[in-house]
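> take this sequence and fold it.
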Amino acid sequence: MIEKEFKVKTNWSFVNKKQNSSVFSNSKTHQVYIKDKAVLTVSAAKEFKGDKTKHNPEDLFLAALSSCHMMSYMYLCDKNKITLIDYLDETSGTLLVNKDGSGAFISVVLSPIVTILEKNKIDLALSLHTEASRLCFIANSSSVPITHKPQIKIAE
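All right, here's what the predicted structure looks like:
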């Protein structure tokens, strides 16, 4: 077993748009710093009074699930000698917000369209999505039900 620690630093500061005024900006835009990587500017989703031009935690959560599944799938394709040509996933998630402001994703659907080279490995390529889900660090860290609707194409 290997244990690996990941760290991020999140920073938000009060912004007073007019000096010596009671008018202020309560922007939810903030920065996330990860060592040796570009600064990520994040806000709340537009629906939660955030900046719609910025990434938001909900988008990043879905992106993390999609990306982690893809990398687990790529690992399994390599292990099973499947030549992966293209991978496109349009992930969607349903967020339920309660009256008290709490909430959670109640479902996530990953819909990868995978193009491979080997016509004789279509069934195997489809089945690897189940194993990729089992391996995915982010999915294993989540309580939301995640379903997969994969499609396999053969490269021309």
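> for this structure, what spans make up the strands?
9-11, 30-33, 40-42, 84-89, 92-97, 103-110, 112-116, 146-148, 151-154 (DSSP state E).
> any residues touching the longest one, and which ones?
Read that as strand 103-110. By Cβ atoms under 8 Å, 6 or more residues apart in numbering, the surrounding residues in contact with strand 103-110 are 58, 61-62, 65-66, 69, 89, 91-97, 142-150. For the C-beta atoms, the positions are set from N, CA and C on the backbone; glycine is no exception.
> recalculate using a threshold of 6 Å.
The contact list for strand 103-110 (Cβ atoms under 6 Å, 6 or more residues apart in numbering) reads 65, 69, 89, 91-97, 144-148.
> got it, and stretch 51-69?
Identification of contacts with stretch 51-69 by Cβ under 6 Å, 6+ apart yields 29, 41-46, 50, 89, 91, 93, 108, 110, 132, 136-138.
> which helix runs longest in this structure?
helix 57-79 (DSSP state H).
> with only the CA atoms kept, save that helix in CSV.
Output of helix 57-79 as CSV, limited to C-alpha atoms (Å, rounded to 0.1, in the frame of the first residue of the first chain):
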residue,chain,number,x,y,z
PRO,A,57,-16.5,23.4,-7.5
GLU,A,58,-19.4,21.5,-9.1
ASP,A,59,-17.7,21.6,-12.5
LEU,A,60,-14.4,20.6,-11.0
PHE,A,61,-16.0,17.7,-9.2
LEU,A,62,-17.5,16.3,-12.4
ALA,A,63,-14.2,17.0,-14.3
ALA,A,64,-12.3,15.1,-11.6
LEU,A,65,-14.6,12.1,-11.9
SER,A,66,-14.5,12.1,-15.7
SER,A,67,-10.7,12.6,-15.9
CYS,A,68,-10.0,9.9,-13.2
HIS,A,69,-12.2,7.4,-14.9
MET,A,70,-10.5,8.1,-18.2
MET,A,71,-7.0,7.6,-16.8
SER,A,72,-8.1,4.4,-15.1
TYR,A,73,-9.6,3.2,-18.4
MET,A,74,-6.4,4.2,-20.3
TYR,A,75,-4.3,2.1,-17.8
LEU,A,76,-6.6,-0.9,-18.4
CYS,A,77,-6.5,-0.6,-22.2
ASP,A,78,-2.7,-0.6,-22.1
LYS,A,79,-2.7,-3.6,-19.7
